[in-house]
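Fold the following.
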Amino acid sequence: MATVIDEPQTGRFRSPFEIETPPGAEGWREMYPPYLLFSEENRAFEDSVFWIWDSMHLPEVELPFDTHTHENWMPAFSVSNSRVFALPPSNGGTQRMLNGYEYVTLTPVTDPRELEARSTVFAARAGYYYQNWNELFERWKVKAEKLIGDMAALEVAERLPDLESDEFFRAHPAANSGQFLLRAYDTLMQMDITAWTYHFEMLNIGYAAYLNLFMFCRQAFPGITDQTLAHMLSGTETMYMRPDAELRKLARLAIDLGIGQRVASSADPQQVIAALRSDPAGQQWLQALESIKQPWFNLSTGNGLYHHHVSWNEDLRVPFKAMTGYIQTLQRGGSIDRPVNEINERKQRLTAEYRGLLQTEEDRQVFDQNLGLARTVATFVEDHAFIIHDWYHSVEWNKVREFGRFLANNRFIDQVDDLFYLNRWEVPQALFEAVSAWSSVTPCRGANGYWKGHVQKRKGIIEALRKWTPPPALGPVPTESDDPVMLMLYGLNTERIQSWLGVGDGSANVLRGVAASSGQATGTARVVRSVNELSQVHEGEILVCPLTEPAWSPIFSTIKAAVSDIGGIMSHSAIISREYGLPAVVGTGNGTTRIKTGDTITVDGTAGVVTIHAG
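Residues are numbered from 1 along each chain as shown. Below is the predicted model:
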């Protein structure tokens, strides 16, 4: 049972220095690097700023090694703002761990003179990217995919040799296999820094293009909703849509080959595959399946940021469930196509209607330029996430496991995944110790229980932290929460912060959130908290979840509407709902706790309201 923190209704949330350690989690701070911890040395700063739990990206407790992802992404995000593009209003942000969960705070720029100076630099540098966007994006894809390929090819020894081979001796004079192992780990960590640098190279200025459009339209069309603007940007075919499109092709092929019922079996996917190998039709279908796995099955079943978020390549349950639904729909004579024409017709209609309201040719030109640029960057904003969050991390986590296999083979840990209970700086210590002992042919502490003791202790700590519910925010409440990116992605505004403090209408049967995708639907709720529960979703139900992940996209073909705890108008939950033409309300805050599976609910995606009907 989670421990719920009751926040006092005052002008601030609790100080991070007042939060108690959950019972059984004593010693949790030793798992993480010191720079990730709230500290007395930096208390003057840390106790004076507003922190939010980054539950959109990191809703689960983090094992020590898993933090290396955001350890690398936060500096990459911030340096792009502060030192590279000089984004006028923001230097980025910083992060801390509290009881195993990540909190972030933004670092705004408020000095008018600095804002003016940065604006000049930003206009020139962002302008260069905007003017050459498509060419730079194509180059970006080439170097990002090369990084993934280089990482996959990185050699990690399972064991070090008793004696270097003659071939190695001649090919690598004055070198040894232990040295190569240590270099491989260092290279992998540098690759991760590079990956996150690529991730933010065009992302922040991509969001800036969205903001230019939103700000112009709010001024030109008072009362226009963010949802209307988001609909003007919908209909973009991105890489995240491709895996689901490939599943629909496979479903049609299964029916054409006369094996629809066999593919749509309720058996485990591996059993289905084994049975299909027995005849030519099944073999043909399996060949088609194999041909799309790279890269499209590198879609994480989560968001890719935890080591246990495996890809479709490792866990076929989601794609096979989706294909089962598609096959059954086709067999009933139904359509499995996304409503692309309707989405594009709405986009064009809204664009024409609002453009027609502008009184001058100059305003129409500015509108066209801002909308055109926002549509241009939209592809990168989605595609970069597939390449880095999903594809890159699907490969990276498995590469990390190769180092875990080495440590397990050398008796430093019991199981491969025990490596993740060590942090990014402890793993090279263990590797170095193993190499040193191999070099000197002597016993070592690490192989005699030292690291196993750490792992065992930390498993208990992690289990204790899983039972703790982080408060949504810490520190003083900002007078206004007007950061546009936080609003677009997190749905974070002043009203949401006040609701965390317990200020609101208090209606037990009404939830309010971001009106993410228009329309209204009434149906049976299905609360899903992880990918493992997706198989329980039935056709025609309303999905209620903390947030959706791209790998969940195929399920949107079978549901009526979607509700999420987390997210803003440009979050994945919102975007994917618009692309499937489903009503959606995101950023409800506590939909998964207030709504129960089986409840009848109405989702008003136009107004941003979810109503729970009396049973």
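
mind listing the strands for this structure?
Per DSSP state E, the chain carries strands over the ranges 51-53, 90-98, 101-108, 473-474, 510-512, 514-517, 520-527, 542-545, 561-564, 584-586, 600-604, 609-612.

Export these to CSV and append columns for distance to Thr69.
For every residue, glycine as well, the C-beta is placed using N, CA and C. Compiled in CSV, these are given as follows (distance: least, Cβ to Cβ, whole Å):
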stretch, distance to Thr69
strand 51-53, 16
strand 90-98, 11
strand 101-108, 10
strand 473-474, 22
strand 510-512, 31
strand 514-517, 26
strand 520-527, 27
strand 542-545, 22
strand 561-564, 22
strand 584-586, 23
strand 600-604, 33
strand 609-612, 32
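
right, so those: which one is the most enclosed?
strand 584-586 (a mean of 31; mean count of other Cβ atoms under 10 Å).

who are the neighbours in contact with the residue positioned nearest the centre of the chain?
Residue closest to the mean C-alpha point of the chain, counted by Cα atoms, centre = their mean, is Asn303 at 3.7 Å. Going by Cβ atoms under 8 Å, 6 or more residues apart in numbering, Asn303 touches His57, His309, His389, Glu549.

which residues touch the third one?
By Cβ under 8 Å, 6+ apart, the contact list for His389 reads Ser300, Asn303, Gly304, Leu305.

Of those residues - the most surrounded one?
Gly304 (27 neighbours; other Cβ atoms under 10 Å).

That one is in contact with Phe386, isn't it?
No: look at Gly304 against Phe386 with Cβ atoms under 8 Å: they stay out of range, at 9.5 Å.

Could you pull up the residues touching Gly302?
Neighbours of Gly302 in contact, by Cβ under 8 Å, 6+ apart: His308, His309, Ser530, Val531, Glu549, Ala551.

before we move on, what about Phe85?
Taking Cβ under 8 Å, 6+ apart, we find Phe85 in contact with Val121, Phe122, Arg125, Ala126, Asn204, Ile205.

Same question for Leu305.
Here Leu305 is in contact with His57, Leu58, Asp66, Thr69, His70, His389, His393 (Cβ under 8 Å, 6+ apart).

and if you look at Val377?
Val377 sits in contact with Trp133, Met202, Ile205, Gly206, Ala209, Tyr210, where contact means Cβ under 8 Å, 6+ apart.

From the contacts of Gly302, pick the one nearest Gln284.
Distance to Gln284 across these (Cβ to Cβ) is lowest for Ala551, with 26.0 Å.

And that closest one, how close does it get to His389?
Separation of Ala551 from His389 (Cβ to Cβ, to the nearest Å): 11 Å.

Likewise for Gly304?
Counting by Cβ to Cβ - Gly304 and His389 are separated by 4 Å.

again with Leu37
26 Å.

cool, and Ala574?
17 Å.

wait, doesn't Met202 sit right on His384?
Yes: here Met202 reaches His384: they are 7.1 Å apart, a contact under Cβ under 8 Å.

Which neighbours do those two have in common?
Trp140.

What's the ChimeraX syntax to select whichever of the contacts of Leu305 are buried?
In ChimeraX syntax, the buried subset of the contacts of Leu305 is picked out as below (16 or more other Cβ atoms under 10 Å):
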select :57,58,66,69,70,389,393
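
how long is stretch 303-314 from one end to the other?
With Cα to Cα, to the nearest Å as the measure, stretch 303-314 spans 15 Å from end to end.

circling back: turn the contacts of Val377 into CSV, including distance to Thr611 and pLDDT.
Formatted as CSV, the contacts of Val377 follow (distance: Cβ to Cβ, whole Å; pLDDT from 0 to 100):
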residue, distance to Thr611, pLDDT
Trp133, 42, 98
Met202, 40, 97
Ile205, 39, 95
Gly206, 35, 94
Ala209, 36, 95
Tyr210, 30, 93
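
which among those gets closest to Phe403?
Taking the contacts of Val377 together and measuring to Phe403 by Cβ to Cβ, the closest member is Met202, at 31.2 Å.

now that closest one: how far from Ser82?
Met202 is 17 Å from Ser82, by Cβ to Cβ.
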